[in-house]
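Asker: Let's see this in three dimensions:
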Amino acid sequence: MCTVVIRVPESPREPVRLLAIRDEDPERPWNPLGPWWPEAHDGVVGVRDVRAGGAWLAADPGTRRLAVLLNRADASSRPESELVSRGGIVLDSVAGRSPAGDPPTHGFNLVEVDDHAARVTTWDGEALRTVELPPGTHMIAHDDIDDPGTPRIAAWLDEFRAAAPAGDRVWWIPWVEVLRRSAELDPTDDRAIIRDNRPYGYPTLSLLACVASVSPDDLVVHYGELNRPGQWGGLDLG
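Answerer: Model prediction:
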């Protein structure tokens with residue numbers, strides 16, 4: 001039940017800005033942002049899932065492509081034996097291969113950014129659809145884009161829209177301040193962004209975040225972990 005905040009600029013010369021918060025089982029090992037696929041994906045950096053080998057978030061500074069994946073409920077009747085990990089979709093995306101056809105995975109929302117646009121591809125086990133994001137600030141979680149039925153989006157989207165990224169060096173500070181205020185909620189609150197999903201039947205808690213800036217000239221990603229899963233204690237993204 002991850003969360004992504006993304007700002008698409010009016011001008012294609014300005015950078016797309018993104019904040020992604022990862023919820024995962026703390027017992028499922030991961031590697032922090034780094035070049036974990038040197039042979040198959042030379043130059044790509046990302047947050048690697050150790051168990052399956054794929055990525056939650058990945059970026060290729062050379063091509064200025066970035067992708068991050070959020071889980072989504074699906075209506076698929078396929079047996080688990082026919083399904084593969086969703087992490088490979090992220091690596092395919094930054095290699096220029098977006099999902100197509102009938103992906104053999106559980107449901108997902110895939111946020112893709114390149115040097116001039118951003119889009120979200122959704123797979124619910126029955127239909128694959130892609131939505132180009134218009135200029136403005138958007139939130140994506142486990143349902144639709146800017147979904148008012150998702151409590152954390154209803155509670156915080158306007159706050160993120162009002163807290164426009166500022167400057168070039170540490171532009172994410174206004175958004176992290178919104179994240180800090182949101183963490184005053186209990187992590188089991190439906191409106192919380194820093195989350196503890198265990199009461200809802202999922203072994204996942206908010207663990208880490210990445211911020212990224214993607215422009216026609218550059219792609220920069222920063223990574224930071226929470227001191228304790230599911231709890232706010234600051235977030236060092238330097």
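Asker: Please count neighbours and contacts with C-alpha atoms only from this point.
Answerer: Noted.
Asker: now the strands: where do they sit in the protein?
Answerer: 3-8, 16-24, 30-34, 45-49, 55-60, 65-71, 108-113, 118-123, 128-132, 136-140, 205-214, 219-225 (DSSP state E).
Asker: Check His116 and give its pLDDT.
Answerer: For His116, the model assigns a pLDDT of 75.
Asker: In contact with the residue lying closest to it once chain neighbours are set aside, which residues?
Answerer: Leaving aside its sequence neighbours, His116 sits nearest to Pro12 (Cα to Cα, 6 or more residues apart in numbering; 5.4 Å). For Pro12, the contacting residues are Asp115, His116, Ala117, Ser215, Pro216, by Cα atoms under 8 Å, 6 or more residues apart in numbering.
Asker: for the second one, phi and psi?
Answerer: Put plainly, it is His116. phi -150, psi 0 (degrees, to the nearest 10).
Asker: what ranges of the chain fall below the confidence cut-off?
Answerer: For the chain, not a single residue meets the criterion pLDDT under 70.
Asker: which helix is the longest one in it?
Answerer: helix 151-162 (DSSP state H).
Asker: relative orientation of it and strand 136-140 in degrees?
Answerer: When axes from the mean of the first three to the mean of the last three Cα atoms, to 10 degrees is applied, the directions of helix 151-162 and strand 136-140 differ by 160 degrees.
Asker: Next, the buried residues of helix 151-162.
Answerer: For helix 151-162, the buried set under the neighbour-count rule, 16 or more other Cα atoms under 10 Å, comprises Arg152, Ile153, Trp156, Leu157, Glu159, Phe160, Arg161.
Asker: do the same with stretch 47-61
Answerer: Buried residues in stretch 47-61 (16+ other Cα under 10 Å): Val47, Arg48, Asp49, Gly53, Gly54, Ala55, Trp56, Leu57, Ala58, Ala59, Asp60, Pro61.
Asker: Quote the end-to-end distance of it.
Answerer: 15 Å (Cα to Cα, to the nearest Å).
Asker: Pull the residues that contact it.
Answerer: So stretch 47-61 is in contact with 28-34, 36, 43-46, 65-69, 85-88, 90-91, 94-95, 218-221, going by Cα under 8 Å, 6+ apart.
Asker: Put the buried members of those residues into a ChimeraX selection.
Answerer: Filtering those down to the buried ones (16+ other Cα under 10 Å) takes a single ChimeraX command:
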select :30,32,33,36,43,44,45,46,65,66,67,68,69,86,87,90,91,94,95,219,221
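Asker: hey, C-alpha coordinates of stretch 221-234 in PDB?
Answerer: Provided in PDB are the C-alpha atoms of stretch 221-234 (Å, rounded to 0.1, in the frame of the first residue of the first chain):
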ATOM      1  CA  VAL A 221      17.200  10.300  -7.100                       C
ATOM      2  CA  HIS A 222      17.700  10.500  -3.400                       C
ATOM      3  CA  TYR A 223      16.900   7.700  -0.900                       C
ATOM      4  CA  GLY A 224      16.200   7.600   2.900                       C
ATOM      5  CA  GLU A 225      14.900   5.100   5.400                       C
ATOM      6  CA  LEU A 226      12.700   5.600   8.400                       C
ATOM      7  CA  ASN A 227      14.400   5.000  11.700                       C
ATOM      8  CA  ARG A 228      11.700   2.600  12.700                       C
ATOM      9  CA  PRO A 229       9.200   0.900  10.400                       C
ATOM     10  CA  GLY A 230       5.800   2.600  10.400                       C
ATOM     11  CA  GLN A 231       6.900   5.500  12.600                       C
ATOM     12  CA  TRP A 232       8.100   9.000  11.800                       C
ATOM     13  CA  GLY A 233      11.500  10.000  13.100                       C
ATOM     14  CA  GLY A 234      12.600  12.300  10.400                       C
END
